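Engineer: After the sequence you'll find the predicted model.
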Amino acid sequence: MNNSFTFTIKSICFDESYRPSDNTRITTNFANLARGERRQENLRDALRMINNRFNALAHWDNSKGDRYSVELEIVSVDVDIEGKGQTFPTIEILKTNILDHHTEQRIEGIVGNNFSSYVRDYDFSVVLPNHNKGQKEFSIPDNFGDLHGKLFKSFVKSGSFKEKFTKPPVICLSVSENKTYQRTGNQHPVLGIEYQPNGTSLTEQYFQKMGLQVRYFMPANSAAPLAFYFVGDLLNDYSNLELIGTISTMETFQKIYRPEIYNANAVAGKSYQPNLKNSDHSLTQIVYDREERSQLASEQGKFAEQHFIKPYQRVLEQWSANFA
């Protein structure tokens, strides 16, 4: 019985000429931007927003606000379960790299940022609704997210990951509408003011199974806190520039996808509850189809069930039971 699956990592540059490949999860945020009539303007505008935000946060020795630019790579991870060369697309994440135009240096940024996975779509769009069909009260099935968590941990421990990346991933998500966040007295020079939620969420529990803990910070001049999922010590394991790369990238995406929260005209106060029905917000010029995205999550969950979960069920169950 094979105890380790083989992960293959491919990456493609995310720039204004990016076109999603046929096997990219089309609900992935950046893929959604790269389609339609305005695709090139969308990409150009998003990248400009990222660079402007980066320079605003990295303002020291940067009087003209043009010292840095961010390069993004889309990292796709395929897994081979049986060692026969047949792979399934498991995870898609983003990698930032920072160009310092003063020193002509290219600085490695953080891997993670955005996170998408077919198996997560399967868990949330197939397993969870099926489990709750006809139930009066919402509940979570036993072992929910176990396989996904183990696949992710296995990937981060793999030789393929360590060969390509020097530090563990940080994933940056939006805050949850179902929770209230309280401002704390803790403040970081780059991440900003820390917030504490009033309880845990299903997303937090799901990411915990992936070996990730979470902290919530609102950077300077942001409208709302961001959720940072990480391994180890978020505040000391990464440099200021690495953290700014993640903030500028993910806050830009959130302004496009969740303008009600991240492009709100009023800033989060001491006590904050996000609201996707908030009409007091500004829109970016970037076209994004949010409705299409939620429909596709369900299709992709079914795709994972059909091409990965069912065909490899026995192997996956055995592997999961033996996973240390």
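Structural biologist: Thanks, I have it.
Engineer: need the helices for the stretch 151-300 of the chain, in chain order.
Structural biologist: According to DSSP state H, counting those that start in this stretch, the stretch 151-300 of the chain carries its helices in the segments 159-164, 202-208, 234-237, 240-257, 259-262, 290-304.
Engineer: how about the third one as CSV, C-alpha atoms only?
Structural biologist: This file holds the C-alpha atoms of helix 234-237, laid out as CSV (Å, rounded to 0.1, in the frame of the first residue of the first chain):
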residue,chain,number,x,y,z
LEU,A,234,2.8,34.6,11.4
LEU,A,235,4.3,37.7,12.9
ASN,A,236,7.9,36.5,13.1
ASP,A,237,8.4,33.9,10.4
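Engineer: buried stuff in it?
Structural biologist: 234-235 (16 or more other CB atoms under 10 Å). The way it works is simple: take the backbone N, C-alpha and C, and place the C-beta from them, glycine included.
Engineer: same question, the longest one
Structural biologist: Within helix 240-257, the residues that qualify as buried by neighbour count (16+ other CB under 10 Å) are 241-257.
Engineer: What of the first one?
Structural biologist: Neighbour-count burial for helix 159-164, counted by 16+ other CB under 10 Å, picks out Phe161.
Engineer: ok, residues contacting that helix?
Structural biologist: For helix 159-164, the surrounding residues in contact (CB atoms under 8 Å, 6 or more residues apart in numbering) are 6-9, 155.
Engineer: got the contact list for the nearest residue to Met218 once chain neighbours are set aside?
Structural biologist: Distance criterion CB to CB, 6 or more residues apart in numbering; nearest residue to Met218, sequence neighbours excluded, is Pro225 at 4.1 Å. If you count contacts by CB under 8 Å, 6+ apart, Pro225 has them with 175, 181, 193, 195, 216-218, 268, 272.
Engineer: likewise Asn51?
Structural biologist: Asn51 makes contacts with 68-70, 248, as judged by CB under 8 Å, 6+ apart.
Engineer: ok so it is a helix residue?
Structural biologist: Yes - using DSSP: H, G, I helix; E, B strand; the rest coil, the assignment for Asn51 is a helix.
Engineer: And it, what's its pLDDT?
Structural biologist: In this model, Asn51 is scored at 95, pLDDT.
Engineer: ditto for the one 3 residues further on
Structural biologist: Looking at Phe54, its pLDDT is 97.
Engineer: quick one: it and Gly245 touch, right?
Structural biologist: Yes - with contacts counted by CB atoms under 8 Å, Phe54 reaches Gly245, the gap being 6.8 Å.
Engineer: Are there residues contacting both of these two? Which ones?
Structural biologist: In contact with both Phe54 and Gly245: 70, 98, using CB under 8 Å, 6+ apart.
Engineer: any idea how far stretch 65-76 is from the chain center?
Structural biologist: The chain centroid and the centroid of stretch 65-76 are separated by 16 Å under CA atoms, centre = their mean, to the nearest Å.
Engineer: buried stuff in that stretch?
Structural biologist: Going by 16+ other CB under 10 Å, stretch 65-76 has these buried residues: 67-76.
Engineer: What's the local residue count around Phe165?
Structural biologist: 18 (other CB atoms under 10 Å).
Engineer: For this structure, spot the helix or strand the model is least confident about on average.
Structural biologist: Ranked by mean pLDDT, DSSP states H and E, the helix or strand of the chain with the weakest confidence is helix 29-33, at a mean of 54.
Engineer: and Asp78, bridged to which residues?
Structural biologist: Thr8, Pro89 (DSSP bridges).
Engineer: Point to the residue nearest the middle of the chain.
Structural biologist: Central residue of the chain (CA atoms, centre = their mean): Asn114, 2.3 Å from the mean position.
Engineer: So that residue lies in a helix, does it not?
Structural biologist: No - assigned with three-state DSSP, Asn114 falls outside any helix and is strand.
Engineer: which stretches of the stretch 201-324 of the chain aren't confidently modelled?
Structural biologist: Applying pLDDT under 70 to the stretch 201-324 of the chain flags residues 285-294.
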